[in-house]
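Chemist: Mind looking at a prediction? Sequence and model below.
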Amino acid sequence: MRPRKGPDIRSKIAALDATLTWESLPELFPRIEEPARWLPVLRRHAELLAAAPVQTTTVRGEEVVARHYAESLEAYRLAGAPQAGLVADVGSGGGFPGLAIAVVAPGVEVHLVEARKKRAELLVELAERLGLSNVTVHGERAEEAGRGRLRDGADLAIARAVAPLPVLLEYLAPLTATGGTIAAVKGSRGEAELMEAEAAIEALNCERTGTEAMRAEVGGRMRVLLFRKRGATPPRYPRRPGMPRKRPIASP
């Protein structure tokens, strides 16, 4: 058996997570103004989420700050950190990253799309208890939202850990306005998924604008794949609920 040369990757990640505290967030994100306003709200959100009867995450303890809040704010930063306009977050779960964005950017109209009824109801309650008047919750599937009033309307459409990229683009692109930004938060397989998503990028009238890695201080394990919406969503997309996953858009 070969001797171990040092801590394994999981230990390193856990060590990074443990170094991030709530007080670290204003230092990491100095361009987000008024930390005395938003930091207590994020902490209160964490308390409410931990006490909620609906489980939305398995992350516990000190890791919560890094894995949820720091990563959400970092994704927002890398996506351009809009201070106004409309942001759509698909598959919000407990509110990441969309609800965190709503807290730090009160001038942004944030729409949370969450298909699971209990989680959608929890998001409504969280927004009310945190006093977030800039949040609207859509308790429906992304395919339904993409054919509703959000169609072609978001300045930024974002999602974190929801689906493979070809599927995710069919969720996000129909929600995005022409010229708007699509941000897909992905792990180490993100670059490989780009190759699988070439047909979807073209079919959904998008173009890739880059990949941004999260800073090491935030954990460094995630990256944000960025796209621009070139024009209106073709009429056939999104397809009916379930079809994007069952038959992802592929080259003919």
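Modeler: Done, it's in.
Chemist: make it CA atoms for all contacts and neighbour counts henceforth
Modeler: Fine.
Chemist: which stretches of this protein form helices?
Modeler: 9-19, 24-28, 35-51, 63-64, 71-78, 98-104, 117-129, 142-145, 165-172, 190-196, 198-203, 243-246 (DSSP state H).
Chemist: Lowest average pLDDT across those helices?
Modeler: Mean pLDDT values for the helices of the chain show the minimum at helix 9-19, a mean of 48.
Chemist: for stretch 44-59, the distance to its chain's centre please.
Modeler: 17 Å (C-alpha atoms, centre = their mean, to the nearest Å).
Chemist: got the buried residues for it?
Modeler: Using 16 or more other C-alpha atoms under 10 Å as the test for burial, stretch 44-59 gives 45, 46, 48, 49, 50, 56.
Chemist: Can I get those in a markdown table including distance to residue 207?
Modeler: Formatted as a markdown table, these follow (distance: C-alpha to C-alpha, whole Å):
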| residue | distance to residue 207 |
| --- | --- |
| 45 | 35 |
| 46 | 36 |
| 48 | 39 |
| 49 | 36 |
| 50 | 39 |
| 56 | 32 |
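Chemist: ok, now which ones touch residue 82?
Modeler: 105, 108 (C-alpha atoms under 8 Å, 6 or more residues apart in numbering).
Chemist: What distance do you get for it to residue 115?
Modeler: 25 Å (C-alpha to C-alpha, to the nearest Å).
Chemist: out of the helices of the chain, nearest to residue 155?
Modeler: Proximity to residue 155 (C-alpha to C-alpha) singles out helix 165-172 among these, at 11.3 Å.
Chemist: okay, that closest one in CSV with CA atoms only?
Modeler: Taking Å, rounded to 0.1, in the frame of the first residue of the first chain, the C-alpha atoms of helix 165-172 are listed here in CSV:
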residue,chain,number,x,y,z
LEU,A,165,-26.3,21.3,-18.8
PRO,A,166,-28.3,20.3,-21.9
VAL,A,167,-31.4,19.9,-19.7
LEU,A,168,-30.7,23.0,-17.6
LEU,A,169,-30.4,25.2,-20.6
GLU,A,170,-33.8,24.2,-21.7
TYR,A,171,-35.1,25.3,-18.3
LEU,A,172,-33.2,28.6,-18.2
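Chemist: Tell me which other helices or strands it touches.
Modeler: helix 142-145, strand 154-160, strand 176-186, helix 190-196, helix 198-203, helix 243-246 (3 or more C-alpha pairs under 8 Å, 6 or more residues apart in numbering; DSSP states H and E).
Chemist: quick one, that helix and strand 154-160 angle?
Modeler: 140 degrees (axes from the mean of the first three to the mean of the last three C-alpha atoms, to 10 degrees).
Chemist: hmm, back to that, need the helices of the chain in CSV with distance to residue 223, can you?
Modeler: Listed next are the helices of the chain as CSV, based on distance: least, C-alpha to C-alpha, whole Å:
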stretch, distance to residue 223
helix 9-19, 15
helix 24-28, 17
helix 35-51, 22
helix 63-64, 18
helix 71-78, 8
helix 98-104, 17
helix 117-129, 25
helix 142-145, 22
helix 165-172, 13
helix 190-196, 8
helix 198-203, 18
helix 243-246, 22
